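Enquirer: Give me a model of this one.
(one chain, ligands or ions: 2)
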Amino acid sequence: MSEVLCERCVGLCCRYLALPIDTPKTKGDFDDVRWYLAHEGISVFVEEGDWYINIANRCKYLTKDNRCDIYEDRPRLCRGYKEDTCDYHSGDYGYELHFTSIEELDEYLEKRKEKK
Ligand code: SF4
Ligand code: SF4
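Expert: Ligands and ions are numbered 1, 2, ... in the order given. Below is the predicted model:
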């Protein structure tokens, strides 16, 4: 959380975590991604060629009034958020790909197959 905009925000960046995953290559790898996407609150995105799983889950230190309860001691990832690119601005991180369901991934794989 940065300091000025955050006072007006509901802590959008404190409501999920995104973790890198291996780039899927085989049919089985993509089927594992389908399994991720079968779960509530999960999406998968690709940024600068790297694949990530996004897990919608509120940080336990986000207070009821949307403040950080451990602000002075918050983790470095929280310190890395920049006001000009953070989720407050629709979370536009320029994803190359973004899947929120099995259907979206299947559609992408189908189109990829057609191109080959
Ligand atoms: S999304 Fe942006 S404005 Fe909102 S709390 Fe996070 S860093 Fe602050
Ligand atoms: S530790 Fe604080 S800044 Fe970091 S995600 Fe939790 S509430 Fe947000």
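Enquirer: what pLDDT, on average, does the lengthiest helix in the chain get?
Expert: The helix that spans the most residues within the chain, counting by DSSP state H, is helix 102-115. The average of the pLDDT scores along helix 102-115 is 94.
Enquirer: Can you point out the buried residues in that helix?
Expert: Applying a neighbour-count criterion of 16 or more other Cβ atoms under 10 Å, the buried positions in helix 102-115 are L105. From N, CA and C alone the C-beta is placed, and that goes for glycine too.
Enquirer: In terms of secondary structure, what does it contact?
Expert: Contacts defined by 3 or more Cβ pairs under 8 Å, 6 or more residues apart in numbering; DSSP states H and E place helix 102-115 against helix 27-37, strand 97-99.
Enquirer: Give me whichever of these is most buried.
Expert: Most buried of the helices and strands packed on helix 102-115 by mean neighbour count (mean count of other Cβ atoms under 10 Å) is strand 97-99; its value is a mean of 16.
Enquirer: Quick one: end-to-end distance for stretch 38-51.
Expert: One end of stretch 38-51 sits 17 Å from the other (Cα to Cα, to the nearest Å).
Enquirer: before we move on, the earlier item: now the longest helix of the chain and helix 27-37, what's the angle there?
Expert: 150 degrees (axes from the mean of the first three to the mean of the last three Cα atoms, to 10 degrees).
Enquirer: Other residues contacting stretch 44-63?
Expert: Counting contacts by Cβ atoms under 8 Å, 6 or more residues apart in numbering, the residues outside stretch 44-63 that touch it are 11, 14-24, 33, 36-37, 41-43, 68-70, 74, 93-99, 105.
Enquirer: ok, back up a step: how about the helices and strands packed on helix 102-115 in a markdown table, adding mean pLDDT and distance to ligand 2?
Expert: Supplementary listing: the helices and strands packed on helix 102-115 in a markdown table, determined by pLDDT from 0 to 100; distance: least, Cβ to the nearest ligand atom, whole Å:
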| stretch | mean pLDDT | distance to ligand 2 |
| --- | --- | --- |
| helix 27-37 | 98 | 22 |
| strand 97-99 | 96 | 21 |
